[in-house]
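# Structure of the sequence below:
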Amino acid sequence: MTIHVKGYLTPEKIAAMTGGSLVCPVETPIAAITTDSRDVPKNALFIAIRGDRFDGNAYVSEAFAKGAICALAERAPQNSAGCTIVVPDTRLALGILARAYRAEIDPLTVAVTGSTGKTTTKEFIYAVLNEKYSTLKTQGNFNNDIGLPMTLLGLSPKNQALVVEMGMSARGEIDYLTNIALPDVAVVTNIGTSHIGLLGSREAIRDAKMEIKNGLSKDGVLLLNGDEPLLAGVEGAFYVGRENKNADCRIENIIEGEKGSAFDLVIRKERFESITVPTLGVHNVMDAAFAWLVGMTAGLGEFEIRRGLMNFRAPGQRQNFYDCNGITIMDDCYNASPESMLASLKVLADTARRHRCRSIAVLGDMLELGDYTEEGHTRVGQAVAANHIDVLITFGKASVKIAESAIASGMNLDNVYQFENEADADALGKALLRIIRPADTVLFKASRGMHLEQFIAYITN
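I've put the predicted structure just below:
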C-alpha cells in the first residue's frame, strides 16, 4: 500500500508524533509513504508492518536500497546508516501518527460504515462535499487498520473535508478506526448479514458497527437507518427512512427512469422535491439521502447539494451499467451479501421491464456467512423467482442453493444453469455466449473472492 504526500511530514516530526526513537536522523521531507518493500518511491517512508505471513521489519534494508529515506520499524537494521524511527509496534504507531496528523489538519470528517452501501454512500458524500470544500476520500478498499490511517496521512493543508469508510469483521475494529479518524459526522447505512459467520448474529453485527460513535466528536452528528429496527432508540441519533414514517428524514415518491432516480425528502417539516441521482435502486436513494443530510450539516446550500448528487460516479464494479454490442451489462462484482443481492435483483428486474427485454442473473457464492450460508443463498433463490428473472446462471458450491431455491419457488428448470467448480469456469463462459442475446440485460454479482468479472470478459471480448 503506497500513497504520495506533499512533504508536510519529516522524520523528526514523525518521531515526535509517534514517540519513537530516531536513529540516524535526516531532514529531507517525506515524499511518499509505503508498507510494501517492493514498491518504494524515492524519499519514501517505509512502514514495516508485522503480519501473519510476513514481517516488514525484515525488509527495511531492502526498502532503503530501493530509495526509502526513512523507516518506521520495530528495530533498526544491523549495519545500516538509514534513518529509522524505532517504535514498539508499527501497526499501532501508524494509527497514532495518522490521528495526530489528522488533528493537525483538522478537516470536517465524515465516517461511514454499514453492512452494505458504505462505499456508495461515501462516494455520494464526497460528491456533495466536494462542491464546496477540497475533500479527500477513502480510495478503493483502504478501510481497515492500515488503509484508513494511510488515507489520513494523504491529507494536505488545503483539504477542508475528509470522508472515510470503515470496514470490519470483528468487534473492536470500528472502535479502533473511529478513535483514529475522530469523525464530526458518523453514518451507519444498515445492519445486514455480511460477516455473520464471524460475528454470530445481526445483533452482534449491530454492536460492532455502532462502535463508530465512540470516536464521534462531542457535538458530532450520528445518522442512522430509520428502517432498521435493530438501530432504533439511539439517543441523539438522526434517522433516515423510507418505510418508517416517523423518521427525522423521510424518503418519498421514488421514481426510476432510464438513467437515474428522482425522489422527495421530508426533513422534519421541510420538503425538498424532485431530487435526482444518476443511479437506480431504492437502496441507492437511501445512500443519497444520507449525503444530503451530511451536506446540510456541513453548511452547503440546496443547489450545491443537488449538483453534488448529480456529479456522483459509481465506484468500480458496483452496479455499473454499460452497453456491449447491444447487451446491457450490470457489473456488480465487487462484493455481495443477501441484502445487496436482493437489491440488485430488483434493479435487474425493473431495468429489464423498462427495456422490455430478458433479464439474466449470473450469481456466485456469498462468502463469510458461516451457519447462515444455506439460508442466505436460499433467500436469494426465492428472490430470483419472485422478481421473474428469465435466466439464472450460478457459479460456486454454495450457489447451488440459489438454483435449487429458485426452482422450488417456481422458476422453470430449463432456464437455470449451474456451474459448481473453478474447473467449470470455461464452460460457464461458453454457456453465456450461447444463452445471451442482443438486448438482454445481464447482472453479474458475487462476493469478491469469486472473481465473477472473469465471465464479463467472455462478452466484452
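# When you work out contacts or count neighbours from here on, use the C-alpha atoms and nothing else.
OK.
# Just give me the neighbour total for Tyr126.
Neighbourhood size, Tyr126 [other C-alpha atoms under 10 Å]: 29.
# Contact partners for it?
Tyr126 sits next to 135-137, 163 when contact means C-alpha atoms under 8 Å, 6 or more residues apart in numbering.
# looking at the sheet around His4, what are its partners?
Ala32 (DSSP bridges).
# Need the pLDDT of it.
At His4, the model reports a pLDDT of 89.
# before we move on, what about the one 5 residues further on?
Predicted confidence (pLDDT) for Leu9: 93.
# name the element the closest residue to Thr138 other than its chain neighbours belongs to?
Nearest residue to Thr138, sequence neighbours excluded (C-alpha to C-alpha, 6 or more residues apart in numbering): Val164, at 5.1 Å. Assigned by DSSP states H and E, Val164 belongs to strand 161-165.
# Parallel or antiparallel, list what pairs with that strand.
strand 108-113 (parallel), strand 135-137 (parallel).
# Now for the closest residue to Leu280 other than its chain neighbours, how many residues are close by?
Leaving aside its chain neighbours, Leu280 sits nearest to Gly260 (5.2 Å; criterion: C-alpha to C-alpha, 6+ apart). If you count neighbours by other C-alpha under 10 Å, Gly260 ends up with 15.
# is it true that Gly260 touches Pro278?
Yes. The criterion here is C-alpha atoms under 8 Å, and Gly260 meets it with Pro278 at 4.1 Å.
# To what extent is Leu367 buried, counted in neighbours?
20.
# What residue, apart from its backbone neighbours, is nearest it spatially?
In space, and not counting its chain neighbours, Leu367 is closest to Ser447: 6.0 Å by C-alpha to C-alpha, 6+ apart.
# Contacts only, for the residue nearest to Thr138.
Neighbours of Val164 in contact, by C-alpha under 8 Å, 6+ apart: 109-112, 122, 137-138, 143, 148, 151, 181.
# quick one: which of those is nearest Asn311?
Lys122 (13.3 Å; C-alpha to C-alpha).
# check which helix or strand covers that closest one.
Per DSSP H and E: helix 118-129 holds Lys122.
# Please export the C-alpha coordinates of that helix as CSV.
Output of helix 118-129 as CSV, limited to C-alpha atoms (Å, rounded to 0.1, in the frame of the first residue of the first chain):
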residue,chain,number,x,y,z
LYS,A,118,-21.0,2.2,2.7
THR,A,119,-18.8,2.7,-0.4
THR,A,120,-21.7,4.1,-2.4
THR,A,121,-22.7,6.4,0.5
LYS,A,122,-19.1,7.5,0.9
GLU,A,123,-19.0,8.4,-2.8
PHE,A,124,-22.2,10.3,-2.6
ILE,A,125,-21.0,12.3,0.4
TYR,A,126,-17.7,13.0,-1.3
ALA,A,127,-19.5,14.3,-4.4
VAL,A,128,-21.6,16.6,-2.3
LEU,A,129,-18.9,18.0,0.0
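# buried sites along that helix?
118-129 (16 or more other C-alpha atoms under 10 Å).
# Please render those as a markdown table that adds pLDDT and distance to Asp371 to the earlier fields.
Formatted as a markdown table, these follow (pLDDT from 0 to 100; distance: C-alpha to C-alpha, whole Å):
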| residue | pLDDT | distance to Asp371 |
| --- | --- | --- |
| Lys118 | 91 | 24 |
| Thr119 | 91 | 26 |
| Thr120 | 92 | 28 |
| Thr121 | 96 | 29 |
| Lys122 | 96 | 30 |
| Glu123 | 96 | 32 |
| Phe124 | 97 | 34 |
| Ile125 | 98 | 35 |
| Tyr126 | 98 | 36 |
| Ala127 | 97 | 38 |
| Val128 | 98 | 40 |
| Leu129 | 98 | 41 |
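# Perfect, that will be all.
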